[in-house]
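# I would like to see how this sequence folds:
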Amino acid sequence: VQLVESGGGLVQAGGSLRLSCVASGLVFSNYAMGWFRQAPGKEREFVAAISWRSGLTTYADSVTVTGRFTISRDNAKNTMYLQMNSVKPEDTAVYYCAADRAGWGTSTITDYDYWGQGTQVTVSS
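Next up is the predicted model:
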C-alpha cells in the first residue's frame with residue numbers, strides 16, 4: 001500500500017492550496033481517508049476525514065479549520081483532496097494522508113492503517 005501526498009508548498013496568508021493524496025495497493029473505495037497535520041514541536045493532529053461510501057465528512061473541532069478546509073475524494077482516480085482556503089500562518093505543518101480500513105473516517109490516529117510520507121505546507125504572514 002502506498003499513499004503519496006502532493007500539492008504542498010509556500011503560500012501567503014489568505015491564499016489557497018489544494019493537497020492531493022493518491023493511493024495504490026488497496027481498494028480505495030473500501031477505505032475511509034483522513035488528513036492529519038503536524039507542526040514543528042507539536043503532536044500530530046486530526047484535520048478532516050471522509051468515509052468510504054457515503055462520503056460523510058468530519059472536520060477538526062477547531063473553528064480555525066472548519067469552514068476553510070474542504071475534504072473530498074474521487075474513487076475513480078484513487079485520490080483524496082484537501083482544499084485549503086484563507087490559510088493562516090498557524091496552518092503551517094506537514095500534512096499527512098491516511099487510510100482507515102474500517103471505513104468510517106475517525107479523528108483517532110490509531111484507527112488508521114496506512115500513512116503517507118507527508119507534504120510540507122508553509123504559510124507566510
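# Can you pull up the most central residue in this protein?
Nearest residue to the geometric centre of the chain (Cα atoms, centre = their mean): W35, 2.2 Å.
# which residues sit against stretch 57-72?
Residues from elsewhere that reach stretch 57-72, judged by Cβ atoms under 8 Å, 6 or more residues apart in numbering: 33, 35, 45-51, 55, 80-88, 90-91, 105-107. In this view, the C-beta of every residue, glycine as well, is placed from N, C-alpha and C.
# Repeat that for stretch 102-120.
So stretch 102-120 is contacted by 1, 3-9, 19, 21, 26, 30-34, 36, 38, 44, 46, 49-53, 56-58, 60, 93-101 (Cβ under 8 Å, 6+ apart).
# what stretches of the protein score poorly on pLDDT?
Within the chain, the segments meeting pLDDT under 70 span 62-65.
# about what we covered before: how far away is the nearest residue to the residue nearest to the centre of the chain once chain neighbours are set aside from T122?
Take W35 and drop its neighbours on the chain: the residue closest to it by Cβ to Cβ, 6 or more residues apart in numbering is V47, 4.2 Å away. The gap separating V47 from T122 is 16 Å, by Cβ to Cβ, to the nearest Å.
# who has more neighbours, the two?
Set V47 next to T122 and count neighbours by other Cβ atoms under 10 Å: V47 wins out with 25 against 14.
# next SSE after the helix or strand that one falls within?
In this structure, V47 sits in strand 45-50 according to DSSP states H and E. Using DSSP H and E, the helix or strand that follows strand 45-50 towards the C-terminus is strand 57-59.
# thinking again about what came up before, okay, and which of the contacts of stretch 102-120 map to strands?
3-6, 9, 19, 21, 32-34, 36, 38, 46, 49-50, 57-58, 93-100 (DSSP state E).
# Now, of those, which are buried?
3, 5, 19, 21, 32-34, 36, 46, 49-50, 58, 93-100 (16 or more other Cβ atoms under 10 Å).
# picking up where we left off before, and the contacts of stretch 57-72, which are buried?
By neighbour count, with 16+ other Cβ under 10 Å, the contacts of stretch 57-72 hold 33, 35, 46-51, 80-82, 84, 87, 91, 105-107 as buried.
# got a list of what the residue nearest to W35 touches?
V47 neighbours (Cβ under 8 Å, 6+ apart): 34-37, 59-60, 65, 69, 71, 82, 95.
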